[in-house]
Every structure is written in C-alpha cells, then in structure tokens.
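*Asks:* have a look at this fold, sequence not included:
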C-alpha cells in the first residue's frame, strides 16, 4: 500500500513544475490540522479575553525601520513599495503592537491590554526545519510597571496551556529569568567585563562566561560563573536563596525584589509549581529589560512560547510606556498537544428538497451537517464521509432520517429531533 | 520520562568524547562494541552517534539532550543551544593555508585587498574571518579533501582545521594565519537543560575536563 502511494507521489512530483509548489518554509495547511489550528486559536483567544485582553490586527507589511532588533531585521523578508521604501513582512508582533499603541492609543488611559493571533514571517532556519511562515498568538500589557502584570501574563500562559490539555511539570514548564539581576550585579562588580559577559550569556555560551570570569577577582569571578547557572524549581525556596547571595548593589537587589514579587503573585495565581527559575535566562532579544520567560514541553526541543518585560521599546515610537507580554508559537504548540476527537459530523445524502429540509432540521437541532446534495450509494457516501472525517451518514426518510455510522454500520430510522443526542453520545 | 540521550560525534574526537563521558560514570563501552549501530542503550542513558557537524542539529531540535562537538562546528553553525563545558580535548586550530610556492603571492593579494578564492568546509567561519580583516574572498564550500583545492587550482588558499599540521605538510601547504583554536564542548538542548536540569548538571559536572595549557590559542 505504502509502495503504491509513494510511486504515485513520485510520478506526480515529476510532472509538477517546480515553481508551482509552495515556497521553501511555507505550506498549505489542510484539515484536520487546519481545523485544529483554528480551534486552538479560538480557545486561546477566549482565555485571553477572560483576562481582559482585546484583539488587535496589525498589517503584515511594516516599514523596515519599525523593527530594530538586529536578529529580527536579518530574518525579515524585505520588499520595496512604489516609493522605493523598504518594507518587511512582520517577523513578530510585539514591536508592531508597540507602534500601534504609541500611535493610536495615545489618548486612552493605560494600561492597554491587547492580544493578537497572526501569521509572522522569517527567512532564517528554513533548512533547519523551521518554518518561514508560522502563527503567533500573544498578549501585550502596555503602560504598567507592576510585577503583578508580569505574573498575570505568565499565569495567563499557564492557564492557556492547561486549558488545552497540557499538565504543568509533566506536560510543560515556564522557565523564568530576570535580565536585570545578572546585569545589575555585573554593572556594579565588574563594569568593564559586563558587556562581554552579557554577550556571552545571550549567546548561551557558559564556557565563554567562565573564560571571561577568569580575569576577575576571585569573589566576583565565582559570582559571574555561578549566577547564570542558578536553575531550579520556583516552588523550592532554595533556588531563590542561591540568587539572594549575589544581590549586591541597588540594581541587583531591586531585580531580585522584583522577582520575589512576581513569584508571590504567581503563588497567588496557584501556578508557581509550573515555573522553573533560571537566572541565566536573559532572553533572545535585546529589548527585554527585566522579567523574561520561555515555555518548554518535554516533547519538543524548541520554546513553545516566550515573553518578558520590555520597558524601553516604546521610546522608539515616542512614548515612555513600560510593557510586558508573550507570544505562543501555534504550530509548535499543536505539535505537543494531546490528540482530540473531531466533533461529530453527519453527512446527509440526497439531491431532493426533502434532503435539504432534513439538513435544515438537523442543523436546527444542533447537529453539524455536511449536505452531499446528490444521490449516492452508502458505499460512496461512506467514502466521502471518511474523507471529511464525518463519523455518521444519513438519508432522508418520511419520519426522520436513516442514520448509520460511517463505514458499514446498520441504518436505523431516527426522528430528526433525536439525532443530536445519538451522534453526541 | 525517557532516557537522557547524548549525541556522540564519530571521527577524530570520538575517543576523547567517550573518555569524558566515562569519567562521569556513564556506561560508554557499548559504543565501542558495534560500529554499525546508530542508537545504543545502556543503563539510564541512550547514546547516538553521528557526523560531528550533525551533533548540534540533533541537540538543537531536542532529538538529543546533550552532545559533544568541536567549537569549530559551533562557530560555523551558530546553533541555538546551551554551551556548557570545555572538555579541553580534541584541540585543533582553524587556519588559513596556501601552497608553499604561492604563499607569498596569496599573502600579498590579501594585503592588497584583492579578491582571493578560498576553499573550505567552514564557509561562515571563512567569510567572517575575511570580513573581520576588511578583506575580500570568494568562498567555495566543499565537503571533504579541502587540501586538494589549491593543488588543482580550484582556489588559491584554504580555511581548514588542523590538529598536528601533518596533512598540510604532506600537501605542501603552509599556514598563513591562525584564525581560532577549537576544543571539544558539551552542549545541551535549551529545553532539556531547564526541564531536566538536575540530570544534565550531574552529568556535565562529573565530566572531567582536561586542563588546557594557556596560550595555545594564539598559535
């Protein structure tokens, strides 16, 4: 069977001219995956709304100047408009939302709690098996400095992942860091070495961190090596105590206090169990200024969501509002979600008016109906039903419909009002 | 939870990698038993073997939790992984080399900012090196036998790794510049490093690094 299929595929591929395919890194998404994508997106947006977030839509195209982050600029698809201005396809949504807030919401009182679910585009990683187009769903809280908002966003992320069937600890964990802690410590204890050490840590190169530390005095060197290696459950007080030993100076102490407050709010949300502290996590983008986090699943090597505080990003757009938020990568999330049964769908067969009447009646009683408006044998109807993942087929009858399970079930006469109960059982 | 999976590179640093894993008490002997297998289970650990340049790919995708790989490969590929430890073994230099009789001409061409053709297995490293010098190069990526390229006129010089310099000497190639010094590194997947931190840290901390004599890097 497989052999036949692969031969068929090979034959078809040969005939298809290359440039009629989808471009590298992009793809058509078909049912049932597309159905899942929309379902998951809808559930996520529902949870976002439960926390008071309201959706915005930004354009897929932005002036290239809008994005400053070098990694994102490099990764962007670029094009030119009629005025020869360089445009990019948005590589993320956080910066466009910052732009939107600065330009459109200047006169409304902060904080602005906005959400989105949009496709983003990146050139990198195509040969690494990463997509050039993928979907991000996220929230941004713009205009509040409170750690309660950081905790709120993390709690919302945990809420979303749990709502979709992932369990904290065995199914996912949120790794929480504080960029200002290590930075604050270094700025006071080793100001000259700080930029290089932070650069090494941003590159996740702890070997380089050790090499650079070797040039510092013993005590500072030990701290410079150890702080990025503090990793452990947030519920275990010892993890935070390890960090507290290095909370010297105003900046580091304030960062630690901020982390403590964030954790206290997470405790109040009841989701501290889902959090792992990592003082070496400082975020992939330069725009993060404090709290930073990434969500991981044991079933995937990549982050399924990431976020943090970016208090300086809006300055670029002429505002001084502090902000925090996260984005979930929907395709990655889908890859780790437990399988779900499709909703029951009935294929109703028949081209006559009585079929249309039955379809209308069934839909009116809450049954999902795909009407195959032609006369088809049960075999043909079953084949069609399987291809659209419908678990039932039926034909109109004088006192209801003749209903059977897809694939050779016995037909039974069921009154229209009772079909709903039958297929949802 | 599944076994901790470690990617071990075949080739030059294979034995060094096994030795380091051995010092951490991991049962690595299975890896020596049968050269054809790809996956080895032993105790609570699973080992996979692959080409050195593929190790970061397995680790970045989480197909392996930990890996051992040369710094040269990491600098070339810049994978998004945690770099946790320098094992100090498998030391080699990334060099710019040219045939003896053309060495002078190549040196002059580079100093006059002429475009030179350079063959290499490390195109990103080569490009960055020439960009760093403010010089221009036409980089030709090959997959093996780099030394052959200047001998048959495919390129004027090469950027390649050398441990002892023997292969270079045998092909009458002389080192024009030393670009970097590379040793074996322990890398971890970003998720595994956090979600299985205790296991990962225990293995990495227990792996003994061989002390590196200072100053070798300047070579």
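*Replies:* It's in. Keep in mind the model is a prediction, meaning the values are calculated, not measured. Residues are numbered from 1 along each chain as shown, chains lettered A, B, ... in the order given.
*Asks:* show me where pLDDT drops low in the chain?
*Replies:* Answering for chain A, as no chain was given. Screening chain A residue by residue with the criterion pLDDT under 70, one finds the ranges A:1-16, A:125-127.
*Asks:* actually chain B
*Replies:* In the predicted model of chain B, residues B:34-35, B:210-219 satisfy pLDDT under 70.
*Asks:* let's verify residue B:139: helix, strand, or coil?
*Replies:* Reducing the assignment to helix, strand or coil with DSSP: H, G, I helix; E, B strand; the rest coil, the entry for residue B:139 is strand.
*Asks:* which residues are in contact with it?
*Replies:* Under the criterion of Cβ atoms under 8 Å, 6 or more residues apart in numbering or on different chains, the contact partners of residue B:139 comprise B:118, B:120, B:123, B:126-127, B:130. C-beta: built from backbone N, CA, C; applies to glycine.
*Asks:* same thing with residue A:177?
*Replies:* By Cβ under 8 Å, 6+ apart, the residues touching residue A:177 are A:277-283, A:291-293.
*Asks:* could you dump these to CSV with secondary structure?
*Replies:* Rendered in CSV, the data for the contacts of residue A:177 read as follows (three-state DSSP):
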residue, secondary structure
A:277, strand
A:278, strand
A:279, coil
A:280, coil
A:281, coil
A:282, coil
A:283, coil
A:291, strand
A:292, strand
A:293, strand
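*Asks:* those residues also near chain B: which ones?
*Replies:* Of the entries in the contacts of residue A:177, those that also sit close to chain B under the rule Cβ under 8 Å from any Cβ of the partner chain are residue A:278.
*Asks:* most neighbours among the contacts of residue B:139, which one is it?
*Replies:* Counting neighbours by other Cβ atoms under 10 Å in any protein chain shown, residue B:118 comes out on top of the contacts of residue B:139 with 28 neighbours.
*Asks:* how about that residue, phi and psi?
*Replies:* Backbone dihedrals for residue B:118, given as degrees, to the nearest 10, come out at phi -130, psi 130.
*Asks:* that one is in contact with residue B:160, isn't it?
*Replies:* No - the pair residue B:118 and residue B:160 fails to qualify as a contact (Cβ atoms under 8 Å) at a distance of 9.8 Å.
*Asks:* was I right about residue A:328 contacting residue A:44?
*Replies:* Yes - Residue A:328 lies in contact with residue A:44 (Cβ under 8 Å); the separation is 6.8 Å.
*Asks:* tell me, what's touching the two both at once?
*Replies:* Common contacts of residue A:328 and residue A:44, defined by Cβ under 8 Å, 6+ apart, comprise A:137, A:160.
*Asks:* just the element for residue B:201, please.
*Replies:* With elements taken from DSSP states H and E, the one containing residue B:201 is helix B:197-206.
*Asks:* on that earlier part again, between the contacts of residue A:177, which is closest to residue A:157?
*Replies:* Distance ranking of these against residue A:157, using Cβ to Cβ, places residue A:293 first at 7.9 Å.
*Asks:* and for the closest one, the neighbour number?
*Replies:* If you count neighbours by other Cβ under 10 Å, residue A:293 ends up with 27.
*Asks:* also the one 4 residues further on?
*Replies:* Applying other Cβ under 10 Å, we find 24 residues neighbouring residue A:297.
*Asks:* contact partners for it?
*Replies:* When the contact criterion is Cβ under 8 Å, 6+ apart, the partners of residue A:297 are A:166, A:171-172, A:304, A:336, B:191.
*Asks:* what of residue B:27?
*Replies:* Neighbouring residues of residue B:27 by Cβ under 8 Å, 6+ apart: B:42-43, B:45.
*Asks:* tell me which of these is nearest to residue A:19?
*Replies:* Nearest to residue A:19, judged by Cβ to Cβ, of these is residue B:45 at 47.0 Å.
*Asks:* remind me, longest strand of chain B?
*Replies:* strand B:173-182 (DSSP state E).
*Asks:* excluding sequence neighbours, find me the nearest residue to the residue in the stretch 151-300 of chain A that chain B sits nearest to.
*Replies:* Residue of the stretch 151-300 of chain A nearest chain B, by Cβ to the nearest Cβ: residue A:296 (3.9 Å). By the measure of Cβ to Cβ, 6 or more residues apart in numbering or on different chains, the closest residue to residue A:296 outside its immediate chain neighbours is residue B:191, 3.9 Å from it.
*Asks:* quickly find the element holding that neighbour.
*Replies:* In this structure, residue B:191 is located in helix B:190-195 according to DSSP H and E.
*Asks:* which strands or helices does that helix pack on?
*Replies:* Using 3 or more Cβ pairs under 8 Å, 6 or more residues apart in numbering or on different chains; DSSP states H and E, the elements in contact with helix B:190-195 are strand A:173-178, strand A:275-278, strand A:291-296, strand B:82-86.
*Asks:* and the contacts of the shortest one?
*Replies:* By Cβ under 8 Å, 6+ apart, the surrounding residues in contact with strand A:275-278 are A:154, A:173-177, A:230-235, A:239-240, A:243, A:259, A:263, A:266, B:194-195, B:197.
*Asks:* enumerate every residue touching the one residue in chain A that gets nearest to chain B.
*Replies:* Closest residue of chain A to chain B, Cβ to the nearest Cβ: residue A:301 (1.9 Å). Contacts here follow Cβ under 8 Å, 6+ apart; on that basis residue A:301 touches B:59-63, B:189-192.
*Asks:* of all the residues you listed, which two lie farthest apart?
*Replies:* Taking Cβ to Cβ as the measure, those span a maximum distance of 13.2 Å, between B:63 and B:190.
*Asks:* near chain B, which residues of the stretch 101-250 of chain A show up?
*Replies:* Residues of the stretch 101-250 of chain A found near chain B, taking Cβ under 8 Å from any Cβ as the criterion, are A:128-129, A:173, A:175, A:203-208, A:210, A:229, A:231-232.
*Asks:* mind redoing it with 7 Å?
*Replies:* Taking Cβ under 7 Å from any Cβ of the partner chain, the part of the stretch 101-250 of chain A that reaches chain B is made up of A:129, A:173, A:175, A:204-207, A:231-232.
*Asks:* just the ones in helices from these, please.
*Replies:* Among those, the members found in helices (DSSP state H) are A:206-207.
*Asks:* let me see the domain layout of chain A.
*Replies:* According to automatic domain parsing, chain A is divided into the following domains: A:33-336, A:345-424.
*Asks:* now chain B
*Replies:* According to automatic domain parsing, the ranges for chain B are B:4-91+B:183-218, B:92-180.
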